[in-house]
Every structure is written in C-alpha cells, then in structure tokens.
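[1] Got a sequence here, can you build the structure:
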Amino acid sequence: MRDLGVRKAPGCAWVDVGDGFSLFLVGDTTNELRNDIYLLLDGLTELMKDAESVVNEDFSSGYDVFE
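    Numbers count the residues shown, from 1 in each chain. Take a look at the predicted model:
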C-alpha cells in the first residue's frame with residue numbers, strides 16, 4: 001500500500017465532553033480538551049477491562065450463559 005502512495009486516515013472519534021461534542025484525532029496535541037478526553041478514555045478503558053473480566057468469569061464457569 002505504501003508503495004502505491006496510499007495512506008491510512010488517522011483514527012478519530014466524536015467525544016462528548018462538557019458543553020458538546022468535540023472531534024478528537026489520534027495523536028492530536030492541539031485539541032484544548034485533550035486532557036479531559038484522555039481522562040474519559042482512560043475511565044472507559046477501565047470499565048471495559050472490568051466488563052471483560054466478568055464475561056471471562058461467566059464463560060469459565062462452565063455454565064451456558066445463553067440460557
């Protein structure tokens with residue numbers, strides 16, 4: 001792909017912080033809300049890790065979770 005000059009667009013997300021939505025690009029250091037956004041993302045990451053732990057416990061118990 002690089003040989004053809006094709007470049008991947010940076011990852012982005014619309015994040016609701018405070019008074020409205022803010023566009024956030026991966027590696028963007030110019031967004032004035034970046035510290036708030038990173039705090040929010042860190043919190044979401046922890047929640048997902050906790051949820052994954054619960055799911056893994058359910059599946060490892062040997063019970064049919066989909067009953």
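[2] Look at the closest residue to Asp28 other than its chain neighbours and say how many residues are nearby.
    Computed as Cβ to Cβ, 6 or more residues apart in numbering, the closest residue to Asp28 that is not its neighbour in sequence is Arg34, at 6.7 Å. No exception for glycine: its C-beta is placed from N, CA and C like everyone else's. Neighbour count for Arg34, taken as other Cβ atoms under 10 Å: 16.
[3] Then Cys12?
    So Cys12, with other Cβ under 10 Å, has 11 neighbours.
[4] tell me the contacts of it?
    Shown in contact with Cys12 (Cβ atoms under 8 Å, 6 or more residues apart in numbering): 23-26.
[5] Pick out the residue nearest the middle of the protein.
    For the chain, Leu41 is the residue whose C-alpha lies nearest the centre (Cα atoms, centre = their mean; 6.1 Å).
[6] Chain neighbours aside, what residue packs nearest to that residue?
    Here the residue nearest Leu41, using Cβ to Cβ, 6+ apart, is Val15, at 7.9 Å.
[7] Can I get whichever strand or helix holds that neighbour as PDB, trimmed to CA atoms?
    For Val15, the element it lies in under DSSP states H and E is strand 12-17. This file holds the C-alpha atoms of strand 12-17, laid out as PDB (Å, rounded to 0.1, in the frame of the first residue of the first chain):
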ATOM      1  CA  CYS A  12     -11.000   9.800  15.100                       C
ATOM      2  CA  ALA A  13     -13.900  10.000  17.400                       C
ATOM      3  CA  TRP A  14     -16.600  12.500  18.400                       C
ATOM      4  CA  VAL A  15     -16.300  12.800  22.200                       C
ATOM      5  CA  ASP A  16     -19.000  14.400  24.300                       C
ATOM      6  CA  VAL A  17     -17.000  16.500  26.900                       C
END
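[8] Nothing else from me, thank you.
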